[in-house]
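In: Quick one, fold the following:
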Amino acid sequence: MIKKILGGLAAVLVALLAAFLWGASGKSSIQDALEQSTLRGDLLEARSAVLTARIALYNTNFGDASRSLEEARAVVERAVQRLHMLGRESEAKQLEAAIVPVREAQQLAGKLDLGANSRAADATKMIDSVLQALPSP
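Out: Residues are numbered from 1 along each chain as shown. Sure, this is the predicted structure:
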């Protein structure tokens, strides 16, 4: 009688362990997909902010351009941190390089210099290159 109870208990424990391992195996791939999706969202948000700044520069609205570039810089920095967390160092270095033209564009916008548009265009290209390097969803 005790052997049957212990056998049943062992079977339940083995089933629970198997269920846990089965559930945990899919969790990492879902977590990776979530991280990739969040990263892609950050990059698209940064790209959008830089393009919004370029439109503001085209309309000679330097204040809006500066605010959009500040937003873009913050989002790019967040994306760089996320890339470091994911261990994607080459993409992180590429994206870190995009911070420089964003800052320069913001400084030029502060000086009411339309040259900010070309620096913002450079930043957009850099962000786009990182976006293209990411695996497709």
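
In: Report the central residue of this protein.
Out: Central residue of the chain (C-alpha atoms, centre = their mean): Leu39, 2.2 Å from the mean position.

In: pretty sure it contacts His84?
Out: No. Judged on C-beta atoms under 8 Å, Leu39 makes no contact with His84 at a distance of 11.0 Å. All C-beta atoms are positioned from the backbone trio N, CA, C, and that covers glycine.

In: hmm, back to that, tell me the SS of the residue nearest to the centre of the chain?
Out: Assigned with DSSP: H, G, I helix; E, B strand; the rest coil, Leu39 falls in the helix class.

In: where's the residue lying closest to it once chain neighbours are set aside, which helix or strand?
Out: Excluding its sequence neighbours, the residue lying closest to Leu39 (C-beta to C-beta, 6 or more residues apart in numbering) is Arg82, at 5.0 Å. Assigned by DSSP states H and E, Arg82 belongs to helix 62-85.

In: got the buried residues for that helix?
Out: Neighbour-count burial for helix 62-85, counted by 16 or more other C-beta atoms under 10 Å, picks out 62, 65-73, 75-77, 79-80, 82-83.

In: Residues contacting stretch 93-101, please?
Out: Stretch 93-101 has contacts (C-beta atoms under 8 Å, 6 or more residues apart in numbering) with 43, 46, 73, 76-77, 79-80, 83, 119-120, 122-123, 126-127, 129-130, 133.
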